[in-house]
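# need a structure here:
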Amino acid sequence: MTSDPAAEANAAGQRATRRALAVALLCGAVGAAAVLIAAGQTWGEGEAAAGDAELPVTASGSAVSGLPSALALVGLASLVAVFAVRRTGRVVVAGVLALSGAGAVGAALLGAGDTDALEASAADTMGLTEAAVTSVSHTGWPWVSALGGLLLLCAGLLALSYGRQWPAMSGRYERGERRASRRARPVDPDRPEDLWRALDRGEDPT
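Predicted structure coming up:
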């Protein structure tokens, strides 16, 4: 028995589309979660020094920059919206998803060596507008945030490449809503057109 090359190519294309959809969903969800979790962790540590006093100070990711977590939320919303729009709208939303990931990566890398948040924390801790910060060190959480942004970027690129073949939610729900509204519409026996419509739908207007 001979195989049909066109059918095999079509089946292979469908498998690739399904794999891209699964990978994009996984990358988007894990990436957004990584960025949001990293935002609440310590990114920088040091010692606030004023006179002879020294106190430990820390700076969280959200104190360093609120941009990565904001972009992660935008990316997560865009990932959901990809399935609610079609054609050009889907391309635009996929582009927003990719840009959100790229922006999160850039913001995380810029914050990896930031000391402004530590200096602000030192000023609050010591009660002085200018307090020296010594023994500054940085944790690996900025890199976790950057990795999360990279996963969001990958999800956006997959959506741009394969999104046109992915299923959409809107059409199915809209058809279901229209069918429900037609079923829910009462038949007015004094209106002949309503009686005829009911008969056309196979309903008993009496």
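# rest of the way, CA atoms for contacts and neighbours
Will do.
# what residue is smack in the middle of this structure?
Per C-alpha atoms, centre = their mean, the C-alpha nearest to the average position across the chain is that of residue 76, at 1.5 Å.
# So for the helix or strand containing that one, what gets flagged as buried?
Counting by DSSP states H and E, the element that carries residue 76 is helix 67-81. Buried residues in helix 67-81, counted by 16 or more other C-alpha atoms under 10 Å: 67-79, 81.
# Between these, which sits nearest residue 152?
Residue 152 lies nearest to residue 75 out of these, by C-alpha to C-alpha, at 6.8 Å.
# Who are the contact partners of the closest one?
28, 32, 96, 97, 98, 100, 101, 152 (C-alpha atoms under 8 Å, 6 or more residues apart in numbering).
# number of nearby residues for the third one?
Using other C-alpha atoms under 10 Å, residue 96 has 20 other residues around it.
# That one sits in which helix or strand?
For residue 96, the host element (DSSP H and E) is helix 87-111.
# With the second one instead?
Secondary structure assignment for residue 32, by DSSP H and E: helix 5-39.
# What residues of that helix count as buried?
Buried residues in helix 5-39 (16+ other C-alpha under 10 Å): 17-18, 20-21, 23-25, 27-39.
# where does this structure have low pLDDT?
For the chain, the stretches flagged by pLDDT under 70 are 1-4, 7-9, 51, 126-131, 169-206.
# What are the structural domain limits within this protein?
Split into domains by automatic domain parsing, the chain comes to 5-168, 169-206.
# Can you tell me which of the ones you listed is packed in deepest?
domain 5-168 (a mean of 20; mean count of other C-alpha atoms under 10 Å).
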